[in-house]
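> Quick one: sequence plus predicted model below, questions after.
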Amino acid sequence: MSHAPRNPDYAETVRASFALQAMMRTIGAEIVALAPGLVEIAAPIRPEFGQQQGMAHAGLTFSLGDSAAGYAALSLMAPGQEVVTSEMTIHLLAPATGTRLIARGEVVRAGKRLMVARADVHAEQDGTRCHVATLLGTMVPVSA
């Protein structure tokens, strides 16, 4: 789906906001792709992010997916606007094992009052990816 950004400086806005995210810094996340209505964020799967069965904790998966979807929505906002997540559903599809997680967030519908965005999260190991989760959520535009 093609979207037109309302902010010509959307990429700078997204990167500046992302740089303020203490959570993303803490987990070593980085933006690896950015276009209007689309953001990919990757983070390493480290032992301290594991759960009792040896895979990445679902909280890591959710955090990356929520951020990717949110930043995809932010990329379409007018200057002076931000977004917050109103609700988000996650479907865990497979164990998150490997060396890193990649979350691809995309805007499904960009409305004036609500935006619907999704994220697909993949675990990567030696160049092979496994789809581990799909998230679907509603983002609400707010003043910056």
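That came through fine.
> just checking, what packs against the longest strand seen in the chain?
Identified as the longest strand of the chain according to DSSP state E is strand 128-143. Under the contact definition 3 or more CB pairs under 8 Å, 6 or more residues apart in numbering; DSSP states H and E, strand 128-143 sits against helix 58-74, strand 81-92, strand 100-110, strand 115-125. Any C-beta I mention is one placed from the backbone N, CA and C, and that applies to glycine too.
> try 6 Å
If contacts are counted by 3 or more CB pairs under 6 Å, 6 or more residues apart in numbering; DSSP states H and E, strand 128-143 sits against helix 58-74, strand 81-92, strand 115-125.
> That strand - which strands sit beside it in the sheet, and in what orientation?
Sheet pairing here is set by DSSP bridges, and for strand 128-143 it gives strand 81-92 (antiparallel), strand 115-125 (antiparallel).
> Of these, which stretch is the most buried?
The highest average neighbour count among these, using mean count of other CB atoms under 10 Å, belongs to strand 115-125 at a mean of 22.
> Averaged pLDDT, it. What do you get?
On average, the pLDDT along strand 115-125 is 98.
> Stretch 94-107 now?
pLDDT averaged over stretch 94-107 gives 98.
> Look up which residues are beta-bridged to the closest residue to residue 89 other than its chain neighbours.
Leaving out its chain neighbours, the residue that sits closest to residue 89 by CB to CB, 6 or more residues apart in numbering is residue 136, at 5.2 Å. Counting by DSSP bridges, residue 136 forms beta bridges with residue 89, residue 118.
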